[in-house]
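# sequence first, predicted coordinates after that:
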Amino acid sequence: MFNIQKIIMKTKIEQFKDYSVMKLDGQYVGGEETDEMFKMAMDELKAGCKYLIMDFSDVLYFSSIAIGKVVKINHEFNLNNAKLLLTNVNKVLLDVFKITKVDSILRITTTMDEALKQTVKQ
């Protein structure tokens, strides 16, 4: 008999005056968790969010379907004169972004501080 360990995914949003942070946690395999991530981002956009920072610090797995959803989120934010920023992306996922050229359309920062600097109005 196999022992299957289920890893629970949690996505949380923290709202600040000029930006929101979406904290991703767990595995995004392309199911309900990925749909929920997309819905939460679209809800932020509809609420007037101009900067959404997606924090990948605790992401264990991110499927191609989930990457496609992030590209779609980025597209929707761009259409609405808003910005999506990704931060703390692990090396494996960053390599996938580079190989697929997705890194050329997404704003990716190494640290949260770098992402926050991009939200400062100039």
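Now that the structure is in, tell me what you want to look at. Numbering: from 1, shown residues only.
# so the residue nearest the centre of the chain: helix, strand or coil?
The chain has M54 as the residue nearest its centroid, 3.6 Å off, counting by CA atoms, centre = their mean. Assigned with DSSP: H, G, I helix; E, B strand; the rest coil, M54 falls in the strand class.
# how much space between it and Y28?
Going from M54 to Y28 by CB to CB, to the nearest Å gives 11 Å. Just so you know, the C-beta spots here come from the backbone N, C-alpha and C atoms, and that holds for glycine as well.
# hmm, back to that, contacts only, for the residue nearest to the centre of the chain.
22, 24, 41, 70, 84-87 (CB atoms under 8 Å, 6 or more residues apart in numbering).
# now the helices for the chain?
Per DSSP state H, the chain carries helices over the ranges 32-46, 64-79, 91-99, 112-117.
# which of the helices and strands in the chain ranks last by mean pLDDT?
When the helices and strands of the chain are compared on mean pLDDT, DSSP states H and E, strand 10-15 comes out lowest with a mean of 91.
# can I get that strand in CSV, CA atoms only?
Listed next in CSV are the C-alpha coordinates belonging to strand 10-15 (Å, rounded to 0.1, in the frame of the first residue of the first chain):
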residue,chain,number,x,y,z
LYS,A,10,-2.5,28.2,0.7
THR,A,11,-2.6,31.5,-1.2
LYS,A,12,-2.9,34.7,0.9
ILE,A,13,-3.2,38.4,0.0
GLU,A,14,-2.0,41.2,2.1
GLN,A,15,-3.1,44.6,1.1
